[in-house]
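1. model this:
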Amino acid sequence: RKMKMTRFCLLTLLTLASNKCSASYDDIEILISQKTDRRHNKDTLRVVSLNAEYLMYDISEGCQKSWRGCPWKNASEALRHLQNVSDTLAVYDADIIFLNEVHSLFELEKLIERLPEGYSPYLIAGTDHITGQNVGLLTKIDPMKEIYRSDEREKFPVINSTCNYFGDGGDEGVSKNLIMEVDVGNGVKIVFIAAHLLSRPKEVDRCAMREAQAKVIRRAVDDISKTTEPREIVLLGDFNDFDDAVLDVQGNVPLSSALRIMKGTHGQADEPSGVVLHNLAECVEIERRYSSFYDKEKKCVLNGVNELYLIDHILVSERLREAVHSVRIDHSYGPTESRHECVDDEDYVSDHWPLIVDFDLRKLGLVKVE
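-> Numbering: from 1, shown residues only. You can find the predicted model right below:
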C-alpha cells in the first residue's frame, strides 16, 4: 500500500555567513537543496522524545479560546511554558528532538531562538482540528528527502482485537504523525516514524480505535522494511498505551494489542512477516519506568506510583537495539511526593517526562548495499 506523500513545511533558521533566512509561517514549502549534518560527534546520535503538553503560543490571548484543553490562560503563560520547555531541552544537547502537542512551526521557531545553534524545525499539519495538536521535530541532521505522513485508515475492531469492544465499527487514522529519513554516515540510514495515538488507554472504545491506528503505523513500518535499500527504523511518540512485554512502574497491562501490532509481535494471521521492533524502555530499571503523571486527586503532588504511567515509547529495529549506549527518562522536573508543581507554576514544563536515547553508531559498522 502506498502512503500519501505530503510536501513538508520547513523553516531554516541557520545563519549562513551574514545572511539570514526569513519566511512566512502560514505557507512555507521548501525543497531541500542542501543536506547537512551539524552533529558535534558523528559517531553518536542522541534522540529525545517529549510530549510538551500544548506547546501553543497565541500572541493575542493565549490558546484556551482556540484549542480545546489548552491550559494557558494568556500569551504570557504560554510564553513562560515555551521557555520552560526550551530550558529543559537545552540541557540534553540532542541531535534530534521529537515533540508531541505542538501547534505549528511558529512554536518550533520560538524554541530554536532559545536553543543552541544547529537545529532546523519540521512539522506537517495533521487532522486533529479539535485540539490543534501536531507532531513536530527539531533536527541537526537534514532529512534525505521530503518528510511525509500516512493518511491511511483502518477499520475497527481489528481482527483478533483484545479490546472486548462490541459497539459499532468504523475506521480510524492517525491524525498526528510524520516520517523522516536521515543518513547518519557509513551507509546507515534511519527512518523515524513519530506518532501521537488516541488517549485513555483503559477505555474500551478508544482501545479499539487505537488498535486500528497501530495497524496504520505498522503498515508504514512494513512498507519501509520491504524496500531493497537497508534502513533502520525508530518508531516513537506518545502512544497512550502500555506494553505488556515491558511493564511500567505500576505493572499496567494493556487492554489493546496496539504495542504488539506496532512492534510486529502480535502474531495475527493477517500480519505480514517483517522487522520486529524493540521497546527501549527495557533498558530502564522498572522503578524509573514511567513517562507521564496523571494527577488523580488534583493536588499537584505525587500520590504514589498509581499516578505514574509509561505511555510514551521508543521502538527500534534490531541493529539499532544493539547500538544503544544508554536510555533514560528524565524526571528532574515535575511533582513528587514532597514537591508541589501545578500547571500554573512558574517552572512547569509538562505532565510527561522526556525519553532520551544515546546510540553508539560505531557498533553498526559499515553497511554495504549489494
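2. going forward, measure contacts between C-alpha atoms and count neighbours the same way
-> Fine.
3. the helices in the stretch 101-250 of the chain, which residues?
-> Counting by DSSP state H, counting those that start in this stretch, the stretch 101-250 of the chain has helices at residues 105-114, 204-225.
4. residues contacting residue 36?
-> Counting by CA atoms under 8 Å, 6 or more residues apart in numbering, residue 36 makes contact with 140, 141, 142.
5. find the nearest non-adjacent residue to the last one, please.
-> Spatially, and ignoring its direct neighbours in sequence, residue 142 is nearest to residue 35 (5.2 Å; CA to CA, 6 or more residues apart in numbering).
6. please report how far residue 214 lies from residue 257.
-> Distance check for residue 214 against residue 257: by CA to CA, to the nearest Å, it reads 8 Å.
7. count of residues packed around the residue nearest to residue 246 when sequence neighbours are not counted?
-> Distances taken as CA to CA, 6+ apart place residue 282 nearest to residue 246, at 5.9 Å, with adjacent residues excluded. If you count neighbours by other CA atoms under 10 Å, residue 282 ends up with 14.
8. and residue 282, how far from residue 145?
-> Distance from residue 282 to residue 145, by CA to CA: 32 Å.
9. now do residue 308
-> As judged by CA to CA, residue 308 and residue 145 stand 38 Å apart.
10. more neighbours, the two?
-> residue 308 (21 against 14).
11. list the contacts for the more buried one?
-> For residue 308, the contacting residues are 249, 250, 290, 291, 292, 293, 294, by CA under 8 Å, 6+ apart.
12. what does the pLDDT read for it?
-> pLDDT recorded at residue 308 is 96.
13. same check on residue 337?
-> 81.
14. same check on the one 10 residues further on?
-> Among the per-residue scores, residue 347 shows a pLDDT of 93.
15. would you list the phi and psi of the closest residue to it other than its chain neighbours?
-> Among residues not flanking residue 347 along the chain, residue 84 sits closest, at 6.3 Å (CA to CA, 6+ apart). The phi and psi values for residue 84, taken as degrees, to the nearest 10, are phi -60, psi -40.
16. buried sites along stretch 68-78?
-> Within stretch 68-78, the residues that count as buried by 16 or more other CA atoms under 10 Å are 70, 71, 72, 74, 75, 76, 77, 78.
17. tell me the pLDDT of the fifth one.
-> Yep, that's residue 75 we're talking about. Per-residue confidence at residue 75 stands at 86 (pLDDT).
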